[in-house]
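> Sequence plus predicted model, see below.
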Amino acid sequence: MNIGCLILSGGKSTRMGREKAMLHIGAVRFLDKLVYEFSSFSEILISVDKKERHPQIHYPMVEDVWENAGPLGGLLSGLLKTRADALFVLPCDVPLFSMSLAKKLMAMLSEDVDCVISKTEDGRWQPFCGIYKKSCIPVLEEAIACGQLKMMNSVEKLRHRVFFAGEESWRYQNVNTPADYQTLHQPQHIIAISGYKNSGKTTLIEHLIPLLLERGIRVMTVKHDGHSYIPDVPGTDSYRFFMAGAKTSLIFDSEKFSVTTREGLSRQNLATFARDVDLILLEGFKWTNYKKIEVVRRATKREPIAQLTNRLAFVSDWSKEELSAKEEEVFLPNDIESIADFITREYKMGHLEEEDIKL
């Protein structure tokens, strides 16, 4: 069955006070994130009230056929317009929804049902996070004709199945108000630049940072030192204070600050520093399960790391055949623009999301 995607973006956003589709999660607008996430659908349509009111939307739009018919009217307009047999539908204000979750709903669709809807663990029905076949059109048209715009009333007249979201209910989080926006659960985005010693990891990260910043991605770098490193410049006041026994030594000016403290790096501390960044670049960390780019150079005379997990790409002067690369991308070390584009694409598609930071 050919299934398209319809993103509902025609609401008035009265409680938010501004257009929700244009809000940002990290460096990406809600609408862009959803379009990237669901790009594998055969067709993506954006449901709007009037096209001319949304000049900032550059994706295919479907205007509401009926005025003031709410999301039900948007869904029906989409079903009448689409070339697909069915539409996966969701609102623009659920930026955490994932393609893997959509696939679970699609797996429940069969010939003997008209639609699949969701129910979250708090008992709430989520009819606008679901899949609707074109066979739903007559029931929805009747609902609009009668002024019955509550979606669940129409669902009850359709052959439907329910997907129970369970532990993934957090992905259904709506952002309706400024308070919702403030409390939006935003996963961290993490990628490790891994490889053997002297393979060029530091140089690669150094060159990537300004290019990622140009693409609107704020970066934090993390490096682990297996030895006891010198935490400050010897002889400076802050260094002398720390060496004298201060538990924490802090130095700052109007633009920056540095902290040296006598404790290991806790998750809480790391999360605090990562709060205002979009992407954490790890140098090394080949033993972790984070997504990775491995740097391999002939000069090191070392082959790729056999036990490396979640490798997305190689940066190497070896050929793809020499690396035995299968699904991994392969970039030349000096092709920094392409590497930055690749990381940006993976970031925007949500492939670098991590629910927890474990270093």
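In hand now; what should we look at?

> show me where pLDDT drops low in the stretch 101-250 of the chain?
Segments of the stretch 101-250 of the chain classed as low confidence (criterion: pLDDT under 70) are 183, 185-186.

> Strands along that one, start to end?
In chain order, the stretch 101-250 of the chain shows strands spanning 115-119, 125-133, 160-164, 188-194, 219-223, 248-252, with DSSP state E, counting those that start in this stretch as the criterion.

> Ser100 is nearest to which of those?
For the strands of the stretch 101-250 of the chain, the distance to Ser100 is smallest for strand 160-164, at 12.7 Å, taking CB to CB. For glycine as for every other residue, the C-beta is placed from the backbone atoms N, C-alpha and C.

> before we move on, back to that, adding mean neighbour count and distance to Asn310, write the strands of the stretch 101-250 of the chain out as JSON lines.
Formatted as JSON lines, the entries for the strands of the stretch 101-250 of the chain read as follows, by neighbours: other CB atoms under 10 Å; distance: least, CB to CB, whole Å:
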{"stretch": "strand 115-119", "mean neighbour count": "23", "distance to Asn310": "29"}
{"stretch": "strand 125-133", "mean neighbour count": "23", "distance to Asn310": "28"}
{"stretch": "strand 160-164", "mean neighbour count": "17", "distance to Asn310": "28"}
{"stretch": "strand 188-194", "mean neighbour count": "24", "distance to Asn310": "9"}
{"stretch": "strand 219-223", "mean neighbour count": "16", "distance to Asn310": "17"}
{"stretch": "strand 248-252", "mean neighbour count": "14", "distance to Asn310": "35"}
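
> Output those in JSON lines; the columns should cover distance to Asn289.
Rendered in JSON lines, the data for the strands of the stretch 101-250 of the chain read as follows (distance: least, CB to CB, whole Å):
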{"stretch": "strand 115-119", "distance to Asn289": "29"}
{"stretch": "strand 125-133", "distance to Asn289": "29"}
{"stretch": "strand 160-164", "distance to Asn289": "27"}
{"stretch": "strand 188-194", "distance to Asn289": "10"}
{"stretch": "strand 219-223", "distance to Asn289": "15"}
{"stretch": "strand 248-252", "distance to Asn289": "32"}
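
> To Phe314, which of these lies closest?
For Phe314, the closest of those is strand 188-194, at 10.4 Å, according to CB to CB.

> packing partners for the helix or strand that Glu294 is a member of?
Applying DSSP states H and E as the criterion places Glu294 in strand 292-296. Here strand 292-296 touches strand 188-194, strand 311-316, going by 3 or more CB pairs under 8 Å, 6 or more residues apart in numbering; DSSP states H and E.
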